[in-house]
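1. Predicted model and sequence below, questions to follow.
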Amino acid sequence: MHRASGMNVAYLDPPYSRYFHALAARLAHASGGSVVALLSCPAYRLYAGGDRTEVWTPGEPAQAHDVPPAFERAGWAQTDSPEFRRAFSHAVEWFKQRFTAERTDVCLVFSDARPFSQAAHLAAQQLGVVCVFFERGAFRYRTASLSTQGLNARFCLRQAQQSPLLEALPPFDLPPRRAIEPWLKLRFVGFMALNGLLGSLQPQRRPMQHKSYHFFNYLRIALKQFGAEHPELPLAQAPEPPATDGPVVVLPLQLPTDSQFVMYSPFRHNQELIDFVARQMRNALPGTPLLVKKHPMDVRSYRLPAGARWIDGSLARFNERPAVFVCLNSNVGFEAAIHGKPVLCFADSFYTGHPSVTRVSREDFAPQLAAAAARPDDLAAGRALRAAVLRHCQAPGDVWAYSAEDLALTRDIVATHYDAARLSSGAAPPA
């Protein structure tokens, strides 16, 4: 650890696992600090593992607190709703009270795109508390993403590379796929049921809940994943596209209700994105196939233009053939880029700050697409991007699948990010 005195740790609604419970214990107990879970709903106690918990109870705020400008387009930022504004403002003040009472040094947050997370972040900024944001990693079941900047489009790789402390982090080997936490799926089913029941009994909590949990959506994605992992089974799949001599363009769609789409997409919906890409391809790459993959949780129907076709299964198979990947800011783009594939992104993400990825707009997409199709794969650039992301915003072990060794290494990585955030704010790290 980088801190001799006690580090007092708070964590917010856990990532549907006991990862924060285990990590917070290592952060706090190694230095004689304390741990508290700050929750938006009592259902999250299922993941607290016996830690002391404080549950937010809606009330009247002393003053109004505005949603940060970066989140004004978020689906939950119903700024014209008095109920939301009242709940958000009260949550900010509640967090200030809890951080002060607990003498919190660092707050672990799963996802920075939730209203409860942003209420905590506003309070933390006013009090000098460092928020470390987590998400499932860029390498699923192998790493966790973390940053004090924010996640996805709020994370700037170039900015992280300018931090001497983060640059000095020792590299770690990408671990093998980890086994998921015991009882994780069954516990999540229990959480959904309890959260739904409590939400109906206490509807005033709903403004701080970032989404509804629909069982059949999760069943649908589980079946899709099962089918992708077992191609030998006779499950319904889109037929494999025929081989071509030239490149193909792969367009993975994102869930249109996801915060990354809602806040950052230059397109109103996926149909507009599909039509735009197909239309531009007819001019820039006539005759080139457009292969479109739906998000597994997306139940909407889309019309495919001439020259486009649906595909299913893992997109990794296109790493071995000429292909250009086009996306908003999907993790699929990162997976293609680290294999040296040309990737064009319409919005920022954790990997778009690297020179190997092309950030495009509607205005320059066609010439950038033509140039990308003419470029060979760049394996060296892919390796450089992989190393930069691992060093600056990843930790070993997914938040759903991790080992004791992963947690020990992550403890030191979090401490370094904490020190770097303190230095960047002008405060010296604690001795």
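-> That came in fine, so what should we check first? The structure displayed is predicted, hence computed values, not measured ones.
2. rest of the way, CA atoms for contacts and neighbours
-> Fine.
3. from memory residue 420 sits against residue 166, does it?
-> Yes: here residue 420 lies in contact with residue 166, judged by Cα atoms under 8 Å, at a distance of 7.1 Å.
4. Who has more neighbours out of those two?
-> Under the criterion of other Cα atoms under 10 Å, the comparison of residue 420 against residue 166 puts residue 420 first, with 21 against 18.
5. any idea which helix or strand carries that one?
-> Remark: residue 420 resides in helix 404-424, with elements defined by DSSP states H and E.
6. name the helices or strands packed onto that helix?
-> helix 19-29, strand 130-136, helix 164-167, strand 394-396 (3 or more Cα pairs under 8 Å, 6 or more residues apart in numbering; DSSP states H and E).
7. Which positions in the third one come out as buried?
-> Residues of helix 164-167 classed as buried by neighbour count (16 or more other Cα atoms under 10 Å): 165, 166.
8. from the middle of its chain, how far away would it be?
-> 22 Å (Cα atoms, centre = their mean, to the nearest Å).
9. cool, and the last one?
-> Taking Cα atoms, centre = their mean, the mean C-alpha location of strand 394-396 is offset from the chain mean by 13 Å.
10. would you list every one of the strands in the stretch 51-200 of the chain?
-> For the stretch 51-200 of the chain, the strands defined by DSSP state E, counting those that start in this stretch occupy 53-55, 106-110, 130-136, 143-147.
11. what about the shortest one, average pLDDT?
-> For strand 53-55, the per-residue pLDDT values average out at 98.
12. packing partners for it?
-> Looks like strand 53-55 contacts strand 35-39 (3+ Cα pairs under 8 Å, 6+ apart).
13. which strands and helices sit next to the strand it packs on?
-> The elements that strand 35-39 packs onto, with contact taken as 3+ Cα pairs under 8 Å, 6+ apart, are strand 9-11, helix 19-29, strand 53-55.
14. Pick the most buried one from these.
-> strand 9-11 (a mean of 26; mean count of other Cα atoms under 10 Å).
15. Okay, now the sheet partners of that strand, with direction.
-> Next to strand 9-11 in the sheet, as set by DSSP bridges, lie strand 35-39 (parallel), strand 106-110 (parallel).
16. May I see the buried residues of the last one?
-> Yep, that's strand 106-110 we're talking about. Neighbour-count burial for strand 106-110, counted by 16+ other Cα under 10 Å, picks out 106, 107, 108, 109, 110.
17. which ones are touching the nearest residue to the fourth one once chain neighbours are set aside?
-> So that's residue 109. Of all residues not flanking residue 109 in the chain, residue 133 sits nearest, at 4.7 Å (Cα to Cα, 6 or more residues apart in numbering). Residue 133 makes contact with 108, 109, 110, 111, 112, 146, 147, 148, 149, 150, 151 under the criterion Cα atoms under 8 Å, 6 or more residues apart in numbering.
18. what would the residues you listed look like in JSON lines with distance to residue 73 and pLDDT?
-> Conversion of the contacts of residue 133 to JSON lines gives the following (distance: Cα to Cα, whole Å; pLDDT from 0 to 100):
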{"residue": "108", "distance to residue 73": "24", "pLDDT": "98"}
{"residue": "109", "distance to residue 73": "21", "pLDDT": "98"}
{"residue": "110", "distance to residue 73": "20", "pLDDT": "97"}
{"residue": "111", "distance to residue 73": "16", "pLDDT": "94"}
{"residue": "112", "distance to residue 73": "14", "pLDDT": "93"}
{"residue": "146", "distance to residue 73": "23", "pLDDT": "98"}
{"residue": "147", "distance to residue 73": "22", "pLDDT": "98"}
{"residue": "148", "distance to residue 73": "22", "pLDDT": "98"}
{"residue": "149", "distance to residue 73": "19", "pLDDT": "96"}
{"residue": "150", "distance to residue 73": "16", "pLDDT": "96"}
{"residue": "151", "distance to residue 73": "16", "pLDDT": "94"}
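19. Just name the closest of the residues you listed to residue 71, please.
-> residue 112 (9.8 Å; Cα to Cα).
20. can you tell me how far the closest one sits from residue 133?
-> Distance, residue 112 to residue 133, using Cα to Cα, to the nearest Å: 6 Å.
21. list residues touching both of the two?
-> Residues touching both residue 112 and residue 133 by Cα under 8 Å, 6+ apart: 150, 151.
22. Format the helices and strands packed on strand 35-39 as JSON lines; extra columns: distance to residue 174.
-> JSON lines is the format used below for these (distance: least, Cα to Cα, whole Å):
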{"stretch": "strand 9-11", "distance to residue 174": "26"}
{"stretch": "helix 19-29", "distance to residue 174": "19"}
{"stretch": "strand 53-55", "distance to residue 174": "34"}
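23. between these, which one is nearest to residue 201?
-> Among these, if distance is taken as Cα to Cα, the winner is strand 53-55, at 15.4 Å.
24. hang on, the earlier thing: so how far is the helix holding residue 420 off the chain centroid?
-> 19 Å.
25. buried sites along that helix?
-> 406-408, 410-422.
26. So for the closest residue to residue 146 other than its chain neighbours, what's the pLDDT?
-> Leaving aside its chain neighbours, residue 146 sits nearest to residue 134 (4.5 Å; criterion: Cα to Cα, 6+ apart). On pLDDT, residue 134 comes in at 98.
27. what's residue 134 in contact with, if anything?
-> By Cα under 8 Å, 6+ apart, the contact set of residue 134 is 108, 109, 110, 111, 112, 144, 145, 146, 147, 151.
28. From residue 159, how far off is the last one?
-> Read that as residue 151. If you measure residue 151 against residue 159 using Cα to Cα, the figure is 13 Å.
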